[in-house]
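In: The amino acid sequence is not available; the structure is as follows:
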C-alpha cells in the first residue's frame, strides 16, 4: 500500500526531492497519511504553483495511477524498503522513490561511475576501455547515464566483459533517451538495472539532468571523469560526488586540448585525484577480486595474426605488417585501431607497434 502513495508523491514532486523529503518527514514517512492530511503550512516558502500542483494531484486516484505503472512493467523502490541502498539514503537529498527495471541485486554491489563528455574522442575511448578492462573480474557494478559519448561507451565496454550496469535516466522509464540507445538499455536491463527518479511519461527535461547526475554520484562509491571539457555536465556529477564525500578521480589529457580542461581543473582544485590506472580505485575501495568471471573479447583471425607478428617482431612497423599479412592498408589500420582501443597493442610512434599485454 505504501508504494501506491510513494508513487503519487513522487509523480507530483519528482523535481523537488528536498521538498518531498521535508513533507514526508513531517508524517514519519507515512506517504498515505501525508497524502490525505497534507497541510500547506508545513511547506513555508514553497512556490504557489507547487502547492497548487499538490492540491490538484490529490484529486487523482492513487490506485489507478499505480496500476498504470504496473502495466508498463516498471517497479518502484522506496526509501523505507530494506533493499534501498544505505549509501544512497545518506546523501543530502536522497530520492524518496526510484523507478526501476531490472535486478535490484546490483544495488548491493560496490559501484563505480564513469562519466564524461558526449563528444568522445579516440583518446577518450582508449581511456575508458583501459579502465574498464582493468576492472574486469572485480565484484562491482558500473554506473553511468546512458548518454552519448563516454556514458554509452563505458556501458558497452563493461557489458562486454561481464560487469553489471546501472544506467540512470533523467526521463521516465517508459521511454529511452537518446532513442538510439534502446538496444543498449535492453542489454543493461538483462545484466543490471535501469533507474530514474522521473515517473513514467515524463519527457527529458533540461532541469532533470543535474538531478540525475546527483543520483549517479549517490549510487557510486567512486566517480571517474574520463574526459570532460570546461562546461561538461560530468563536472556536475563530480561536484555532487565531492560534496557527498565520494572518491573522485579525473583522467589527465593533452594540456592544449579543450577536451580535457574540465578534468585538469578538477585535479588542480584538488576535488579529484589524478587517475592513470584503475588499480588505484580498486585499492582505495578495497574491492574483492574473483567474484565475477573474466570475459575476454574474441579476436578476429586477422587480429590474431597481427598480434602474433607484433609479438615476434616488436616493434613492428605498419609497412611490415601490411607485407606479411597482405591485409589492405585501410583495413589493417582499422584492425590496429581496434586492437589499440582494446589495450592489446600500442603505437609507440611512427606507426611502430608493440604488445602491451
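Out: It's in. This is a predicted model, so every value here is computed, not measured. Numbering: from 1, shown residues only.
In: quick one, domains of the chain?
Out: 2-102, 104-285, 301-355 (automatic domain parsing).
In: is it possible to export those to a markdown table including mean neighbour count and mean pLDDT?
Out: Using the backbone N, CA and C atoms, a C-beta is placed for each residue, glycine as well. Formatted as a markdown table, the domains of the chain follow (neighbours: other CB atoms under 10 Å; pLDDT from 0 to 100):
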| stretch | mean neighbour count | mean pLDDT |
| --- | --- | --- |
| domain 2-102 | 16 | 89 |
| domain 104-285 | 21 | 95 |
| domain 301-355 | 15 | 86 |
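In: contacts for the helix or strand hosting residue 267?
Out: Using DSSP states H and E, residue 267 maps to helix 261-268. By CB atoms under 8 Å, 6 or more residues apart in numbering, the residues outside helix 261-268 that reach it are 225-232, 234-235, 238, 248, 250-253, 255, 272-274.
In: So what does the most centrally placed residue in the chain have for phi and psi?
Out: Nearest residue to the geometric centre of the chain (CA atoms, centre = their mean): residue 144, 0.7 Å. Note on residue 144: backbone dihedrals following degrees, to the nearest 10 are phi -160, psi -170.
In: Double-check it against residue 167; I have them as touching.
Out: Yes: contact status for residue 144 versus residue 167: in contact at 6.5 Å, counting by CB atoms under 8 Å.
In: now the helices: where do they sit in the stretch 151-300 of the chain?
Out: Remark: helices assigned in the stretch 151-300 of the chain by DSSP state H, counting those that start in this stretch are 182-190, 208-219, 234-243, 261-268, 279-285.
In: Spatially, what comes nearest to residue 108 if we skip its sequence neighbours?
Out: Nearest residue to residue 108, sequence neighbours excluded (CB to CB, 6 or more residues apart in numbering): residue 85, at 7.6 Å.
In: That neighbour: what's it in contact with?
Out: 107, 108, 219.
In: Quick check: the gap between it and residue 164.
Out: Distance, residue 85 to residue 164, by CB to CB, to the nearest Å: 14 Å.
In: likewise residue 228?
Out: 25 Å.
In: thinking again about what came up before, could you check how far the residue nearest to the centre of the chain is from residue 111?
Out: From residue 144 to residue 111 the distance is 10 Å (CB to CB).
In: Please enumerate the shared neighbours of these two.
Out: Joint contacts of residue 144 and residue 111 (CB under 8 Å, 6+ apart) are residue 166.
In: Name the helix or strand for the nearest residue to residue 325 once chain neighbours are set aside, please.
Out: Leaving aside its sequence neighbours, residue 325 sits nearest to residue 305 (CB to CB, 6+ apart; 5.7 Å). In this assignment (DSSP H and E), residue 305 forms part of helix 301-313.
In: helices and strands around that helix, which ones?
Out: Judged by 3 or more CB pairs under 8 Å, 6 or more residues apart in numbering; DSSP states H and E, the packing partners of helix 301-313 are helix 318-325, helix 329-341, strand 345-347, strand 352-355.
In: same thing but at 7 Å, please
Out: helix 318-325, helix 329-341, strand 352-355 (3 or more CB pairs under 7 Å, 6 or more residues apart in numbering; DSSP states H and E).
In: Now tabulate the ones you listed in CSV and tack on distance to residue 81.
Out: Formatted as CSV, the helices and strands packed on helix 301-313 follow (distance: least, CB to CB, whole Å):
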stretch, distance to residue 81
helix 318-325, 57
helix 329-341, 40
strand 352-355, 49
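In: looking at those, which is closest to residue 191?
Out: Set against residue 191 and scored by CB to CB, the helices and strands packed on helix 301-313 come closest in helix 329-341, at 21.5 Å.
In: That closest one versus helix 301-313: what angle between them?
Out: 70 degrees (axes from the mean of the first three to the mean of the last three CA atoms, to 10 degrees).
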